[in-house]
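Engineer: Give me coordinates for this.
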Amino acid sequence: MAKRPDSESFIDMFGKFGRDLKLPNVDVEAILAHNRKNLEALEKSARASAAGASALLSRQREMLQDTLREITDMAQSYRAGNPKEMMEKQAAFARRSFETALKNAGEMAELVRTSGTESIEILRSRIKEAMEEIRASQEKK
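Structural biologist: The predicted structure is shown next:
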């Protein structure tokens, strides 16, 4: 009796399984190629998501730096003196802060949407391609 290898690759095991079934018209290589395409699409999608997350974090860091710089400038511009002038500066700062927060939230939402859309489109495209491959293989039979 021949000694069986200690471990077989998934591809070897799948190929042996396909041959053992003795089904007509089964192209094991085509099935393996199909699954390679699926894994490649998943990898591309994950890379797109990671790039989006990186861009999001980078932009958040920039926004935080801008906010800290603005707070520092505001604190340095405050001098003891006229209370009315101080209140006006505080009100202007609060208004600018609120407007900036709204603008930044919108920008963050857009970054997340763009990243998610890109990732989903990669997967959607692969699913569409896979369905076309299935239809084409059924038409051959």
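Engineer: For the one helix or strand Met87 maps to, what is the distance to the chain centroid?
Structural biologist: Taking DSSP states H and E as the definition, Met87 sits inside helix 83-140. On the basis of Cα atoms, centre = their mean, to the nearest Å, helix 83-140 sits 11 Å off its chain's mean C-alpha point.
Engineer: what's the answer for stretch 22-41, then?
Structural biologist: 27 Å.
Engineer: and it, which residues are buried?
Structural biologist: Under the neighbour-count criterion of 16 or more other Cβ atoms under 10 Å, stretch 22-41 has Ala41 buried. In this view, the C-beta of every residue, glycine as well, is placed from N, C-alpha and C.
Engineer: ditto for stretch 109-124
Structural biologist: Buried residues in stretch 109-124 (16+ other Cβ under 10 Å): 111, 115, 118-119, 122.
Engineer: do the same with stretch 99-107
Structural biologist: Here stretch 99-107 shows Asn104 as buried, counting by 16+ other Cβ under 10 Å.
Engineer: Look up how far Gly116 lies from the residue nearest the centre of the chain.
Structural biologist: The centroid of the chain falls nearest to Ser49 when counting by Cα atoms, centre = their mean (1.3 Å). When distance is defined by Cβ to Cβ, to the nearest Å, Ser49 is 8 Å away from Gly116.
Engineer: Once you drop chain neighbours, what's closest to the residue nearest to the centre of the chain?
Structural biologist: Ser119 (4.6 Å; Cβ to Cβ, 6 or more residues apart in numbering).
Engineer: isn't that neighbour right next to Gly52, touching?
Structural biologist: Yes. Applying Cβ atoms under 8 Å as the test, Ser119 and Gly52 come out as touching, 7.1 Å apart.
Engineer: related to what we said a few turns ago, farthest-separated two in the buried residues of stretch 109-124?
Structural biologist: Leu111 and Ile122 (17.3 Å; Cβ to Cβ).
Engineer: so where's the chain shaky on pLDDT?
Structural biologist: Counting by pLDDT under 70, the chain contains low-confidence residues at 1-11, 14-15, 18, 23-26, 28, 80, 141.
Engineer: at 80 what do you get?
Structural biologist: Low-confidence segments of the chain (pLDDT under 80): 1-34, 75-81, 137-138, 140-141.
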